[in-house]
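A.B. asks: Sequence plus predicted model, see below.
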Amino acid sequence: MPKPWLCLLRLPSSGIRPTAITVPDDLRISHPVLRQQREYWQAVARKEVTWNDQPPHPNIHVSRDSERRAMRLLQALFVALDKRGHSVAATKDGKTNVTVPGETFNVSLREPSKQVLHQPTLKERADAAKYPWMKPPPYDLVHTGDLELNIEGVYDARHRWKDGKKQRLEERLNAVIEGLLQLPCWKRPAQPSANGSANYEKKPNVDGRSVRSVGWRRKRASSDSTVWSGIGGRPESAVRF
């Protein structure tokens, strides 16, 4: 079982830094997993997909308006993972399995929705006046246009990255890979539960105590590291990403 301190792999002092992942607007979609997603969308449009017979497709849930951006973002992320020696695969039950040394994680990309006040139509008003039980819904669900990337089944470590007010998800892809690489050092799979899904237990630290705070881990890693990124004064990650 890996020890938490093994994650503290210092970057070389020669000044080498990980390559920043960029997402150009004209990025060509060529990754095999994303080609599977396109084929899946096409099969759904042709009504060839049933609940018990689905082609492999990744875990993507976005509106049609956000599809192009989602595909570009994942193209950049998946290629970066491949170049770093990791693997990405889609399953028939709609999972995006990302395998890093030590463990495989299901990564999802979704577009959250929000509630807005429903504006009743003339027909809805007329029906409500004629039939008191036919009231229009008070709210509608609309897509926000924001994207959120989540590592499913992880709760006690950093597992979610999303669009913010000052930084879009495209600018956080290096942090996503950093988080994926650190997770196997912080968690170990327990015995499968009764429904077949894997449970996770907290790993003890080198003193045998339970590590409860992700912030504590990052603070410990930062105090042990002598290499700084120079970006906002934040210490460089303990692992290369």
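C.D. replies: Great, that's in hand.

A.B. asks: Strands of this structure, residue ranges please.
C.D. replies: Per DSSP state E, the chain carries strands over the ranges 60-61, 87-90, 96-100, 103-110, 113-117, 139-143, 148-151, 160-162, 187-192, 198-202.

A.B. asks: So which of these is nearest Tyr131?
C.D. replies: strand 139-143 (20.8 Å; C-beta to C-beta). For glycine as for every other residue, the C-beta is placed from the backbone atoms N, C-alpha and C.

A.B. asks: what's the closest of the strands of the chain to Arg168?
C.D. replies: Here strand 160-162 is closest among the strands of the chain (C-beta to C-beta), at 9.2 Å.

A.B. asks: Which positions in the closest one come out as buried?
C.D. replies: Neighbour-count burial for strand 160-162 flags Trp161 (criterion: 16 or more other C-beta atoms under 10 Å).

A.B. asks: related to what we said a few turns ago, nearest approach to Arg69 belongs to which of the strands of the chain?
C.D. replies: Per C-beta to C-beta, nearest to Arg69 of the strands of the chain: strand 103-110, 10.1 Å.

A.B. asks: what packs against the lengthiest helix in the chain?
C.D. replies: Criterion DSSP state H: the longest helix present in the chain is helix 67-83. Counting contacts by 3 or more C-beta pairs under 8 Å, 6 or more residues apart in numbering; DSSP states H and E, helix 67-83 is packed against helix 32-45, strand 87-90, strand 103-110, helix 173-186.

A.B. asks: Take the strands of the chain and lay them out in a markdown table including distance to Pro132 and mean pLDDT.
C.D. replies: Conversion of the strands of the chain to a markdown table gives the following (distance: least, C-beta to C-beta, whole Å; pLDDT from 0 to 100):
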| stretch | distance to Pro132 | mean pLDDT |
| --- | --- | --- |
| strand 60-61 | 37 | 96 |
| strand 87-90 | 49 | 96 |
| strand 96-100 | 48 | 95 |
| strand 103-110 | 38 | 95 |
| strand 113-117 | 21 | 92 |
| strand 139-143 | 20 | 91 |
| strand 148-151 | 40 | 95 |
| strand 160-162 | 42 | 94 |
| strand 187-192 | 52 | 49 |
| strand 198-202 | 50 | 48 |
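
A.B. asks: Would you convert these into TSV that also reports distance to Arg168?
C.D. replies: TSV is the format used below for those (distance: least, C-beta to C-beta, whole Å):
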stretch	distance to Arg168
strand 60-61	17
strand 87-90	21
strand 96-100	20
strand 103-110	13
strand 113-117	18
strand 139-143	16
strand 148-151	11
strand 160-162	9
strand 187-192	28
strand 198-202	30
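
A.B. asks: Quick check: which ranges of the chain have low pLDDT?
C.D. replies: Applying pLDDT under 70 to the chain flags the ranges 1-18, 186-241.

A.B. asks: Check the helices and strands packed on helix 67-83 for me and report the most buried one.
C.D. replies: When the helices and strands packed on helix 67-83 are scored by mean count of other C-beta atoms under 10 Å, the highest mean neighbour count falls to helix 173-186 (a mean of 21).
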